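[1] Can you look at this prediction? I've put the sequence above it.
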Amino acid sequence: MVDEKKKKKRSQLPFRLNILFVFVFLLFSLLILQLGVVQILNGEEAQDKINRTVKDTSKNQVPRGKMYDRYGRLILDNEPVRSITYTAPKHGASAEERLQLAEKLAEYMKLEYPYDELRERDKKEYWYLQGNNAKVAASRLTKKEKEMEPSDQYQALLDHITEEDLATIDWNEDVIQVIAIKRELDAASELTPHVIKNEGVSPEEYAQIAEHLKDLPGIDASIDWQRKRIFGQTFANYIGSITDREEGIPSENEDFYLTNGYSRNDRVGISGLEQEYESVLRGTKEQILYTTNKDGEVVDSEVVVEGQRGNDLVLTIDMELQRRVDQIVKRELKAIRSESGLNRYVDDALVAMLNPKTGEVLALSGQHYDSEENKIVDESFRVVYDQHRPGSAVKGATVLAGYDAGLIQPGTSFYDNPIKIAGTPEKSSWKDLDWVDDLEALERSSNVYMFYVAMRMLGDYNYVRGDALNVTNTNAFQDFRNYFAQFGLGVETGIDLPYEANGYKGQNPQAGNLLDFAIGQYDTFTTLQLAQYVSTIANDGYRIRPKLVNEVRQPSVDEQLGPVVKNYNTDVLNKIEMDDRYIERVQQGFINVFHGSGGTANNRYWAGASYKPAGKTGTAQNAIYEDGKLIAETENLTLVGYAPYDNPEVAFAVVVPNTGTYEGKYAVNHTIGRGILDAYFQLKKERQQNGVDMNLKDNKEKDSN
């Protein structure tokens, strides 16, 4: 029995092995069959996949953030435009390939390219690529030239092309178009879309190119964008500008931009808020992963990071107030120029308006008379960049310096009649004022009072008519300027712009010049500095940094503002380092300027002003030179102020350089000052009547502005 069982087991074992062998055979057969299918039927596709060995990421610029005014009104938008772009392959295309592509593209689009801009090199390169001309040019190379580096050898090839060679080409409009398009193709970086045309692309051009994309490798018909200023030129100088696609990033800062993720053809801010807030407005680029084969051809692409438009800015500017202020300044500049006499030299009128408590800039206006065009144009940048002598407008700072330095006390009086220092002409006020104290000196604008403060700063407390000054303080100029700097005079205001002027400091420390400094007739200041100075006095001695941006907001898909990303709060730069009662004393002097019986601003121009203005007038002698020769002596008219004086909500500075003597004539500093304050309070009244919240930035105004 045992033997029979063993025989049965032995007979079953070969049978099982046979089944296993058959199964393994079938598996190998299927594997061989599959390999055959892959090798024979899908071999080319599989090989193509194997060749896809390089992956590169391209970053495409997205639309920039928008700008809104303080009430949520759109100021700066992105306008879609039709665009034709070219994306060069990984290792670039040959010159012959780019020429062929340009010839095809020229069938569907035109570029504005005048013949006189056609360079000699363009002509030679075009000739070189025609027919057998490359071999002809190569045959002309010398033995030494044949051993040159490729770039040098190519230049040698071009140098051997003669005028007779170029004369064989008919340089007609069609050829010029091909050359113009090829130049754009040549400028493209690999795997980075380069704009060939995005201005004036007609619907027909766009449609034809889109229809023939399969025949135009690397070409795309897409939608680009350009900046659109909703209010035209209004406030445009401070909105700023960006480069275009042709310019790309500024060459002088190329390393900075490239290390911060920019491409060479990216558009970046180059002035104004566009430049100052570049990192906020630029957005997050769309990132595309390109897969290229061994020949550098793009075989696949995939968006790996969705692009997002830049964040939006909510500005401090009130665009309706800005427009009204511009109109007022333009009107008054035109009026003063129409006056007879020296007023023909008046070219500019400048205004700055701030909230003295927060530093928010409400309006900046600068109108300039263009003598060549015989018209008035908006050049509001002059408010921040142009520097002028302010005259008596700075006397508040002079009096406060006198208080804090112990040179005078509240109530100190001096007799106002001309003073005479040895070797210099007499110096006087606009008229003899007799005895004046500190308040009367501000109200009636006494120069002599300020001269006494300056003389005491120099160390001379015992002025004797006709004698030289007894100077014991050799640092008097610096001491005075340090006091002025506390108000923002002669130093940067800190406004959020790429650049601002500081004013010019006179270089001659002669004692007599300090007397001129004390009445605003030596150093120069910008209109914005004067606005910050008077704001500091209005704000009880707190100097606030002026700002043009209140908030950064996330972009939204509808017309509403997105969530707040960042608030720019009030920034106190410094507190005037002196007794508060001194500030209050000067504030009273500024009130008296407008409301006192002898106030220099208590005149017909301010009659009926119910909003309680306070401030200081100013007149500075000025001279106009032409070719080094004095041709006219004029005056700068200035005015600084705020209102209401018991709860200031708006401060301002007005500067009108090179007017004629205004006494009894057209006081343009007053007419502008009255006009802009009237506009501010009238607009406030209109908004209150229409239910607009003056502090709400998300609402749309209900009026028709």
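    The structure has been received and is ready for your questions. Numbering: from 1, shown residues only.

[2] Now do the domain split for the protein, please.
    Using automatic domain parsing, the domain ranges for the chain come out as 51-84+221-315, 320-553+563-689.

[3] How many residues are close by Ser271?
    17 (other CB atoms under 10 Å). Bear in mind the C-beta positions are built from the backbone N, C-alpha and C, glycine included.

[4] Now for it: which residues touch it?
    By CB atoms under 8 Å, 6 or more residues apart in numbering, the contact set of Ser271 is 240-241, 498.

[5] Narrow the residues you listed to those that are buried.
    240-241 (16 or more other CB atoms under 10 Å).

[6] Export the contacts of Ser271 as a markdown table, with columns for distance to Gln529 and secondary structure.
    What follows is the contacts of Ser271, written out as a markdown table (distance: CB to CB, whole Å; DSSP: H, G, I helix; E, B strand; the rest coil):
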| residue | distance to Gln529 | secondary structure |
| --- | --- | --- |
| Gly240 | 21 | coil |
| Ser241 | 25 | coil |
| Pro498 | 17 | coil |
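
[7] Among the domains of the chain, which comes closest to Pro150?
    Across the domains of the chain, Pro150 has its closest neighbour in domain 51-84+221-315 (18.3 Å, CB to CB).

[8] So which other helices or strands are in contact with the helix or strand where Asp255 lies?
    Asp255 is part of helix 254-259, with elements assigned from DSSP states H and E. Of the remaining helices and strands, none touches helix 254-259 by 3 or more CB pairs under 8 Å, 6 or more residues apart in numbering; DSSP states H and E.

[9] Pull the residues that contact that helix.
    Residues contacting helix 254-259 (CB under 8 Å, 6+ apart): 249-250, 264, 266, 268.

[10] Could I get the buried residue list for that helix?
    Buried residues in helix 254-259, counted by 16+ other CB under 10 Å: Tyr257.

[11] For it, the averaged confidence score.
    Per-residue pLDDT over helix 254-259 has a mean of 89.

[12] Give me the next element, helix or strand, following that helix.
    On the C-terminal side of helix 254-259, the closest following helix or strand by DSSP H and E is helix 272-276.

[13] Who are the packing partners of the helix or strand that that following helix is followed by?
    Next helix or strand after helix 272-276 toward the C-terminus (DSSP H and E): helix 278-281. Packed against helix 278-281, as judged by 3+ CB pairs under 8 Å, 6+ apart, are no other helices or strands.

[14] Just want the most central residue of this protein.
    Centroid-nearest residue in the chain: Gly272, 1.4 Å away (criterion: CA atoms, centre = their mean).

[15] Quick check: closest non-adjacent residue to it.
    Gly240 (2.2 Å; CB to CB, 6 or more residues apart in numbering).

[16] where along the stretch 401-550 of the chain do the helices fall?
    Here the stretch 401-550 of the chain has its helices, by DSSP state H, counting those that start in this stretch, at 438-443, 447-458, 476-486, 511-518, 527-538.

[17] Pick the most buried one from those helices.
    helix 527-538 (a mean of 29; mean count of other CB atoms under 10 Å).

[18] now that helix and helix 476-486, what's the angle there?
    Calculated by axes from the mean of the first three to the mean of the last three CA atoms, to 10 degrees, helix 527-538 forms an angle of 80 degrees with helix 476-486.

[19] Mind giving me the packing neighbours of helix 527-538?
    The helices and strands touching helix 527-538, judged by 3+ CB pairs under 8 Å, 6+ apart, are strand 348-354, helix 382-385, helix 395-404, strand 542-544, helix 580-595, strand 614-626, strand 629-643, strand 650-659.

[20] Show me the one of these that comes nearest Thr536.
    strand 542-544 (4.4 Å).

[21] what lines up beside that closest one in the sheet?
    With DSSP bridges as the test, strand 542-544 is paired with strand 572-575 (antiparallel).

[22] Just the pLDDT for Ile583.
    For Ile583, the predicted pLDDT is 97.

[23] so who does it touch?
    400, 537, 540-541, 576.

[24] Measure how far stretch 581-591 is from the centre of its chain, please.
    The chain centroid and the centroid of stretch 581-591 are separated by 37 Å, computed with CA atoms, centre = their mean, to the nearest Å.

[25] Check stretch 483-496 too.
    For stretch 483-496, the distance to the chain centre is 21 Å (CA atoms, centre = their mean).

[26] about what we covered before: looking at the helices of the stretch 401-550 of the chain, which is nearest to Gly366?
    helix 527-538 (7.8 Å).

[27] Pipe the helices of the stretch 401-550 of the chain into TSV and attach mean pLDDT and distance to Ala207 per row.
    Shown next, in TSV, are the helices of the stretch 401-550 of the chain (pLDDT from 0 to 100; distance: least, CB to CB, whole Å):
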stretch	mean pLDDT	distance to Ala207
helix 438-443	97	72
helix 447-458	97	73
helix 476-486	96	63
helix 511-518	94	69
helix 527-538	98	51
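
[28] Does the residue nearest to the centre of the chain touch Arg229 like I think?
    No - in this structure, Gly272 is not within contact of Arg229 by CB atoms under 8 Å, at 11.4 Å.

[29] which neighbours do these two share?
    Common neighbours of Gly272 and Arg229 (CB under 8 Å, 6+ apart) are Ile239.

[30] quick one: contacts for Gly65?
    For Gly65, the contacting residues are 277, 280-283, 309-313, 555, by CB under 8 Å, 6+ apart.

[31] hmm, I was thinking of Leu213
    Counted by CB under 8 Å, 6+ apart, Leu213 has contacts 219-221.

[32] Could you tell me which of those residues count as buried?
    219, 221.

[33] mind listing which of the contacts of Leu213 are in strands?
    219-221 (DSSP state E).

[34] Send me stretch 374-392 as PDB with only the CA atoms.
    What follows is stretch 374-392 as a C-alpha-only set of coordinates in PDB (Å, rounded to 0.1, in the frame of the first residue of the first chain):
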ATOM      1  CA  ASN A 374       1.000 129.400 -24.000                       C
ATOM      2  CA  LYS A 375      -1.200 127.300 -21.700                       C
ATOM      3  CA  ILE A 376      -1.400 126.200 -18.100                       C
ATOM      4  CA  VAL A 377      -0.500 122.600 -17.400                       C
ATOM      5  CA  ASP A 378      -0.700 120.400 -14.300                       C
ATOM      6  CA  GLU A 379       2.700 119.900 -12.700                       C
ATOM      7  CA  SER A 380       1.700 119.100  -9.200                       C
ATOM      8  CA  PHE A 381       5.100 117.400  -8.500                       C
ATOM      9  CA  ARG A 382       6.400 120.900  -7.900                       C
ATOM     10  CA  VAL A 383       4.700 120.900  -4.500                       C
ATOM     11  CA  VAL A 384       7.200 118.300  -3.300                       C
ATOM     12  CA  TYR A 385      10.200 119.100  -5.500                       C
ATOM     13  CA  ASP A 386      10.300 122.900  -6.000                       C
ATOM     14  CA  GLN A 387      11.900 125.100  -3.300                       C
ATOM     15  CA  HIS A 388      11.200 128.700  -2.600                       C
ATOM     16  CA  ARG A 389      11.800 131.400   0.000                       C
ATOM     17  CA  PRO A 390       8.600 131.500   2.100                       C
ATOM     18  CA  GLY A 391       8.900 135.000   3.600                       C
ATOM     19  CA  SER A 392       7.000 135.800   6.800                       C
END
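
[35] Strands of the stretch 151-300 of the chain, start to end?
    Remark: strands assigned in the stretch 151-300 of the chain by DSSP state E, counting those that start in this stretch are 194-197, 219-229, 286-292, 298-305.

[36] List the buried residues of the first one.
    The reference is to strand 194-197. Applying 16+ other CB under 10 Å to strand 194-197 flags 194-197 as buried.

[37] Ignoring the adjacent residues along the chain, who's closest to Asp224?
    Ser83 (3.5 Å).

[38] quick one: low-confidence parts of the stretch 1-150 of the chain?
    Counting by pLDDT under 70, the ranges of the stretch 1-150 of the chain that qualify are 1-17, 36-60, 114-116.
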